[in-house]
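Q: Sequence first, then the predicted structure, then my questions.
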Amino acid sequence: MNDFAGMEELLQDFLTEASEMLSDVDGKLVELEKSPSDHRLLNDIFRGFHTIKGGAGFLNATELVTLCHLTENLFDKLRNGELDMSAGLMDAIMAATGEVRGMFDVLGQSIQPKAAPPELIAALQAALNGEDVESVKAVSAKATSVAATQSAPVPSGLDWDGLFHAVTGTEPEVASGPTPVAAESTTAPAPAIDEAKLKSSAFGRRTTDVPGGVPTPAAARRDGDAAKDNTIRVDTDRLDQVLNLSGEIGLTKNRLTHLRSDILQGRSDPGTLKALDEAVSQLDMLVVNLQNAVMKTRMQPIGRLFKKYPRLARDLARQLGKDVELVLTGEETEIDKTMIEDLNDPLVHLIRNAVDHGVEDTAQRTAVGKPTKSMVNLGARQEGDHILITIQDDGKGMRPDVIRGKAVEKGLISVEQANGLDDTQSLELIFLPGFSTKDQISSVSGRGVGMDVVKTNIQRLNGSITIESEAGKGSVFTIALPLTLAILPVLLLRLCDQPFAVPLSMVREILSIMPDQIQQVAGKATLVVRGEVLPVMSLARLVGWEDNGQPEVGVLMQMGGNSFILSADGFAGHDDVVIKSLDTFRPKGVAGVTMSSEGEIVLILDIKELLGYSSI
């Protein structure tokens, strides 16, 4: 069913603009609740509803127009002093914006939305008539609820033919089940892959299967994501830079074509060779600059994501009877647009966790001498080639001993394991599936399915998350992410003749390994590096190949608080690679593929996923 046949492009443009405008309205409503007489906010919110109503009118979305018109009229009276803001009226307005967002979701399916709930319309009409408005709790709860993040299903077993077809972009001869939907590409086009080379070099030595696969960050799409925003706003200056660089590359290409013709005709004098060298160097510089310019077109201010959350925190706090303010900083920090979208669910979990678990209610805060209002800070900043996102609360903090006890009580770890953990490791137990400190399950929390999903989703973005907490003072969650997922600095390793790539950010040192240096401790291979005994993980064993037991190279790698040696047959250098995502199929532990400068196919490994099947 399509109620918008012939108007699809207009509908998509409306939803893109109106959704962003509604998020801005939500943020201003939270501010208005603190400053109900702020005429600037009242005018801005009025204009927001007026603009949304106008766009909905072009689409003949009658019920959306009706709801926006009522709310617009309310704000017209508020800004003209004919009405005073009350808690009940604010709840009704918040419920209205939630209902508008729900109508957007229906429109995204090319269906005209139905009328808003009668109790909401009645509340808005009562307010316009100057009557007292009771809190529209039922409508508000429905309109502002946020679904829990669901992790992507993990297929069982590794289908190497499936991987081959995913890499080459060819279709398998026999297909079963539904046709996968290709996800939005997050990388520049990769060179064509040679089928014979892939089959003979990458998988010719396989003897066992790596465990099943999970989607890549770009392909980890949940049901219903078909309507995900595939558009991006780009500053015209950045597009002009791309256009100028493209023109210069064209001129350099013409110069190289002329020099190639001269050389083929037998000209090899020093002047010609020098001109060739200069032209190649010029092309190299221009390509690097173009690559950087294209990457910048993908960068978006993270504030476009952050502005959704003050409303989320406000509604949840009211539901729990708490007084919480979410403070945003670093909204201008830029990050890859596709990562912004995939960050939404983890940040929703962390903010809900801070409001529900982290901060105390008013009575508890008063009893310990804290201000009645709790502060939760959501910030972002760039450090080097990484983006750091922090969620900090001034609540009761976490006690490592209590967390250890809960983990033992729930059977997630043994008493012996708990006794061997330091405070930092104890705090990280909250990321275990099934962990929760809540004894009672509520609509907000208690099922133990939140923080493990947060960590999993962050790792899919090649990121990490750490915790700092002090009992009675509060907690800080820090997410570290690469600037972009499209370009990745990697270290190239070899197993036999096949190159593999691992993220350079995890590499600390490259070592030569002599056979007599590896020692067995408790049945596991170890290597002593400057007095420290480190476990040795065989790359061959991790990817499911037969381990010949004679590695020549060891890479000292660090993942979180763990250090280990990754052993391989050889070292092939390092490079910045363009990742080709495996959108329709990806085995566990394979982040994507690329091609080396020699034209070889390189599998880019996700070490964190691979180590999920091995104990360090």
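A: Done, it's in.

Q: Would you confirm that residue 63 contacts residue 115?
A: Yes - at 4.7 Å, residue 63 and residue 115 qualify as touching, with contact defined as CB atoms under 8 Å. Just so you know, the C-beta spots here come from the backbone N, C-alpha and C atoms, and that holds for glycine as well.

Q: quick one: which of the two has more around it?
A: Higher neighbour count among residue 63 and residue 115: residue 63, with 17 against 14, using other CB atoms under 10 Å.

Q: the strands in the stretch 501-616 of the chain, which residues?
A: With DSSP state E, counting those that start in this stretch as the criterion, the stretch 501-616 of the chain has strands at 507-512, 519-521, 524-529, 532-538, 553-559, 562-568, 570-578, 590-595, 601-605.

Q: Same question for the stretch 201-350 of the chain.
A: 299-301, 324-329, 334-336.

Q: Give me the domain ranges for the protein.
A: Domains of the chain are assigned by automatic domain parsing as 8-144, 236-298, 321-482, 487-613.

Q: Please identify the deepest-packed of the strands of the stretch 501-616 of the chain.
A: Of all the strands of the stretch 501-616 of the chain, strand 590-595 carries the top mean neighbour count, a mean of 24, counting by mean count of other CB atoms under 10 Å.

Q: residue ranges with poor pLDDT in the stretch 401-550 of the chain?
A: 437-449, 485-486, 549 (pLDDT under 70).

Q: Now residue 64. Nearest residue, chain neighbours left out?
A: residue 56 (4.2 Å; CB to CB, 6 or more residues apart in numbering).

Q: ok, now residue 324?
A: Closest to residue 324 by CB to CB, 6+ apart is residue 317, at 3.9 Å.

Q: Same check on residue 344?
A: Using CB to CB, 6+ apart, the closest residue to residue 344 is residue 305 (6.4 Å).

Q: and the one you found, how many residues sit next to it?
A: Neighbour number of residue 305 under other CB under 10 Å is 22.

Q: Who are the contact partners of it?
A: Contacts for residue 305 were tallied using CB atoms under 8 Å, 6 or more residues apart in numbering; they are 340, 343, 344, 347.

Q: same question, residue 249
A: Counting by CB under 8 Å, 6+ apart, residue 249 has contacts 283, 286, 287, 290.

Q: Please repeat the previous calculation with a cut-off of 10 Å.
A: By CB atoms under 10 Å, 6 or more residues apart in numbering, the contact list for residue 249 reads 282, 283, 286, 287, 289, 290.

Q: Residue 283 reaches residue 255, doesn't it?
A: Yes - using CB atoms under 10 Å, residue 283 is in contact with residue 255, at 8.8 Å.

Q: quick revisit: burial check on the residue nearest to residue 324, number of neighbours?
A: Residue 317, neighbours per other CB under 10 Å, totals 21.

Q: Look up how far residue 398 lies from it.
A: 20 Å (CB to CB, to the nearest Å).

Q: ok, now how distant is residue 384 from residue 294?
A: 21 Å.

Q: more neighbours, those two?
A: Comparing residue 384 with residue 294 by other CB under 10 Å, the one with more neighbours is residue 294, at 17 against 8.

Q: residue ranges of the helices in the stretch 201-350 of the chain, please?
A: 236-264, 270-297, 303-306, 309-320, 337-353 (DSSP state H, counting those that start in this stretch).

Q: now for the host helix or strand of residue 427, which elements pack on it?
A: In the assignment (DSSP states H and E), residue 427 maps to helix 423-427. Applying 3 or more CB pairs under 10 Å, 6 or more residues apart in numbering; DSSP states H and E, we find helix 423-427 packed against helix 400-409, helix 415-419, strand 464-470.

Q: for the chain, what helix or strand is lowest in average pLDDT?
A: helix 195-197 (a mean of 39; mean pLDDT, DSSP states H and E).

Q: List the buried residues for stretch 3-14?
A: 3, 4, 11, 12, 14 (16 or more other CB atoms under 10 Å).

Q: Determine whether the claim that the first one is in a strand is correct.
A: No - assessed by DSSP: H, G, I helix; E, B strand; the rest coil, residue 3 does not belong to a strand; its assignment is coil.

Q: how near is it to residue 112?
A: Distance from residue 3 to residue 112, by CB to CB: 5 Å.
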